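> Fold the following.
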Amino acid sequence: MSVDFTLDQKRYLEGFAAGFSARGGQRAVPPAPQPMGPDAAHVSAQDRVSAMAGKLTDQEKWKREAHPFDAYPRLVAQARENAAPKPADNFRWRYYGLFYVAPTQNAYMCRLRIPNGCLMHWQFSGLADLAENYGGGYLHVTTRANIQIREIEPRNATDIVEAIQDLGLWSKGSGADNIRNITGTPTAGVDPQELIDTRPYARAMHHHILNDRSLYGLPRKFNIAFDGAGLIGALEDTNDIGYQAVKVVEGHDVAPGVYFRLALGGITGHKDFARDTGVIVAPEEAIEVADKILRVFIEHGDRTNRAKARLKYVFDAWGFDKFLVAVEAKLGRKLPRAPAAAIAPRPCQDRVAHIGVRKQKQAGLNWIGVALPLGKMTPEQTRGLAEIAREFGDGSLRLTVWQNVLITGVSDARVEQAVAAIDSLGLSTSVSPIRAGLVACTGNFGCRFAAADTKSHAAQIADYCEAVAPMDGPINIHLTGCHHSCAQHYIGDIGLIGARVPVNEEGDTVEGYHILAGGGFAEDAGIATELYQNVRAEDAPRMVAKILSAYRNNRSNVDETFVAFARRHDSETLRRLADEETTA
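Next up is the predicted model:
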């Protein structure tokens, strides 16, 4: 039977035959399939590294071998057996907020996601139940305005993750190579000087992350903060993305109004603040812009070296201009810029506004800042604060980066009753400047990286310095256990980083610290400089007291802040002044 082909069909067959012949009759090799699905960008980034003979880190290999969100049944099985995870799974379970912290404790720590640090009283009380039922019977407020529950046995791992969700909270993505808890101004919506209420933006960013799997599995962890220019800061300039509320004035090539100023690349553990890009972002566009920044980081962040895998190092390699061009390519539009002259001065922060009673913007209402002992609460105290918020306030509580809690919406007529109820819990709304600005990470009580017991040593420093070198103005003393700088020792007036201190020629060591001075944040942003190395923990209170006494006795006037005093002297002079002080 003959078949008549059309002219187009004949040409197609001729071309096919010619191509087949040109290849010597060999069948064409199909191209490798391209990655698909929500993990495609991450897989493609890993493939590019491998194609250039790069060596992926173990963490990148673990993510590829079994994505943590696909491995939940294994976590359930391990919990059923009360089994500790091996290293690969210990990394994976951090995607659920679970950190196995052996050898310091043969247990998990669970970290939450609490956008803008805002909780309702029933959630706060519910967390106390979880700490009792599944943890060690206490809670820690962190330096990201978050909550950690510790001493969770492996058998309780999935129970606590699911119970957190039952409270309308999350732990998903709060660890490993993910976007951590979204922070914001703790007095958002009630602050008399704020430019923007950050709560809607922190919440929107929070849900944007939770509902998009492609935003998990970054080259390294990622921090985002929104600062609304209120009295209590969010330390946004220590984040990978720092949104700073600013007012743009008239007379420039941009419409006047309130925007977010975009700062990028903060990572104070690596001695770098987020740097101003000159970009301003309309608040309603903040989530979209952050998303595109994340997409560029996903594609180009370092997946071969964990020490260089943060966003800062993309800028170091590319420069800001190239990075912003890549972000704009994903946005499909230019980002507006505003010169420094177009930005009105931002309102100054009040370094002690997180403690005590303060007037809200709403007439007749107040917030009350409660000092927690280095961020620690018992279940009884937690439930008590929740009940005070319900009975005397508007029912909400706010966590701060200073490891304390605020109760909002307390009427003038009920402030006194609320303060008395707080006192009855063994907590306080009035503490010394030393204790108000005292920050400490978990330390070697619960972290295998820490070289010292930071929380107990911080308490000893406060006890000693309150008696020997009391302060008459704000002072920040930060103790961190290791180079990860969770307590951000580089931005404290005085910072201490844990160290093993040699005590003899045989190589024996004891817990101790290197001590720095002159760090600051917000309008005083700057990295502290080292004063002393290898100070034994038992000597740390005396050394800190000597530094404080040198400041009190040598400041130019009573209004000179510690940071101003420290920065007008070099390290050698500061050491000499401190060494001249005697403490009893």
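> Verify the assumption that T187 is located in a helix.
No. Assignment of T187 by DSSP: H, G, I helix; E, B strand; the rest coil gives coil, placing it outside any helix.
> Now it. Nearest residue, chain neighbours left out?
Nearest residue to T187, sequence neighbours excluded (CB to CB, 6 or more residues apart in numbering): G230, at 4.8 Å. (Each C-beta comes from the backbone N, C-alpha and C, glycine too.)
> go on, V544?
I461 (5.3 Å).
> repeat for I160
In space, I160 is closest to Y134, 4.4 Å off (CB to CB, 6+ apart).
> And I241, by the same measure?
I224 (4.6 Å).
> for G409, same thing?
In space, G409 is closest to D394, 2.8 Å off (CB to CB, 6+ apart).
> again, but for N534
V501 (4.5 Å).
> how much distance is there from the helix or strand hosting the one you found to the middle of the chain?
Here V501 sits within strand 494-502, counting by DSSP states H and E. Remark: strand 494-502 is offset 22 Å from the chain centroid, using CA atoms, centre = their mean, to the nearest Å.
> what packs against whichever helix or strand comes after it?
Next in sequence after strand 494-502, counting helices and strands by DSSP H and E, comes strand 509-517. Contacts defined by 3 or more CB pairs under 8 Å, 6 or more residues apart in numbering; DSSP states H and E place strand 509-517 against strand 494-502, strand 529-536, helix 540-554.
> So R552 is in contact with C465, correct?
No. Taking contacts as CB atoms under 8 Å, R552 lies outside contact range of C465: 11.1 Å.
> in the chain, which segments are predicted with low confidence?
Along the chain, the parts satisfying pLDDT under 70 run over 1-33, 583-584.
> List the contacts of I267.
T238, D240, R310, L311, K312 (CB atoms under 8 Å, 6 or more residues apart in numbering).
> any idea where the strands of the stretch 1-150 of the chain begin and end?
According to DSSP state E, counting those that start in this stretch, the stretch 1-150 of the chain carries its strands in the segments 98-100, 108-111, 118-120, 139-141, 147-152.
> Deepest in the core, which of the ones you listed is it.
Mean neighbour count (mean count of other CB atoms under 10 Å) peaks for strand 108-111 among the strands of the stretch 1-150 of the chain, with a mean of 27.
> which outside residues touch that one?
Contacts for strand 108-111 (CB under 8 Å, 6+ apart): 93, 97-101, 135, 142, 146-150, 152-154, 156-157, 160-161, 164, 171, 174-175, 181, 442, 446.
> In space, what's closest to A344 - neighbours in sequence excluded?
A344's closest residue in space is K247 (CB to CB, 6+ apart), at 4.3 Å.
> coming back round to it: which parts of the strand holding V501 are buried?
Using 16 or more other CB atoms under 10 Å as the test for burial, strand 494-502 gives I494, G495, L496, I497, G498, A499, V501.
> for stretch 386-401, same thing?
For stretch 386-401, by 16+ other CB under 10 Å, it's 386, 388-390, 392-401.
> how long is that stretch from one end to the other?
End-to-end distance for stretch 386-401, by CA to CA, to the nearest Å: 19 Å.
> Likewise for stretch 512-522?
Stretch 512-522 end-to-end distance (CA to CA) = 29 Å.
> With stretch 433-440 instead?
For stretch 433-440, the end-to-end distance is 15 Å (CA to CA).
> contact partners of it?
So stretch 433-440 is contacted by 143, 351-352, 354-355, 371, 374-375, 402-403, 454-455, 457-458, 461-462, 465-466, 470-480, 487-488, 492-493 (CB under 8 Å, 6+ apart).
> Just the buried residues of those.
Buried, going by 16+ other CB under 10 Å: 143, 351-352, 354-355, 371, 374-375, 402-403, 454-455, 457-458, 461-462, 465-466, 471, 474-480, 487-488, 492-493, out of these.
> mind listing what the spatially most central residue of the chain touches?
Nearest to the centroid of the C-alpha atoms of the chain, with distances taken as CA atoms, centre = their mean, sits R144, at 4.6 Å. Each residue near R144 by CB under 8 Å, 6+ apart is listed here: R180, N181, T183, N223, V401.
> Wait, the last one touches V141, no?
No. Using CB under 8 Å as the test, V401 is too far from V141 to be in contact (9.4 Å).
> thought N239 was touching A274?
Yes. Using CB under 8 Å, N239 and A274 qualify as a contacting pair, with a distance of 6.0 Å.
> any common contacting residues for the two?
A263, G266.
> quick one on the thing from earlier: roughly how far does the residue nearest to G409 sit from G137?
Using CB to CB, to the nearest Å, D394 is found at 29 Å from G137.
> just I461 next, same as before
From I461 across to G137, the span is 26 Å (CB to CB).
> I'd like the strands of the stretch 1-150 of the chain as JSON lines, with distance to S214 appended.
JSON lines is the format used below for those (distance: least, CB to CB, whole Å):
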{"stretch": "strand 98-100", "distance to S214": "22"}
{"stretch": "strand 108-111", "distance to S214": "22"}
{"stretch": "strand 118-120", "distance to S214": "26"}
{"stretch": "strand 139-141", "distance to S214": "31"}
{"stretch": "strand 147-152", "distance to S214": "27"}
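> closest one to F260 among those strands?
Nearest to F260 among the strands of the stretch 1-150 of the chain is strand 118-120; the distance by CB to CB comes to 19.0 Å.
> Which strands and helices lie in contact with the closest one?
So strand 118-120, by 3+ CB pairs under 8 Å, 6+ apart, packs with strand 396-399.
> So which elements touch the strand it packs on?
Using 3+ CB pairs under 8 Å, 6+ apart, strand 396-399 sits against strand 118-120, helix 121-134, helix 379-392, strand 405-411.
> redo that, cut-off 7 Å
Packed against strand 396-399 by the contact rule (3 or more CB pairs under 7 Å, 6 or more residues apart in numbering; DSSP states H and E) you find strand 118-120, helix 379-392, strand 405-411.
> Could you pull up the residues touching A459?
L374 (CB atoms under 7 Å, 6 or more residues apart in numbering).
> separation between it and A307?
Distance, A459 to A307, using CB to CB: 32 Å.
> Just the element for the nearest residue to G375 once chain neighbours are set aside, please.
Distances taken as CB to CB, 6+ apart place Q403 nearest to G375, at 3.4 Å, with adjacent residues excluded. Using DSSP H and E, Q403 sits within no helix or strand.
> Quick one: neighbours of the closest residue to N223 other than its chain neighbours, just the number.
Excluding its sequence neighbours, the residue lying closest to N223 (CB to CB, 6+ apart) is N239, at 4.1 Å. Neighbour count of N239, defined by other CB atoms under 10 Å: 28.
> Hmm, N239 is touching F222, no?
No. N239 is not in contact with F222 according to CB atoms under 7 Å; the separation is 8.6 Å.
> Just give the nearest non-adjacent residue to R203, would you?
That would be P115: by CB to CB, 6+ apart, it lies 4.9 Å from R203.
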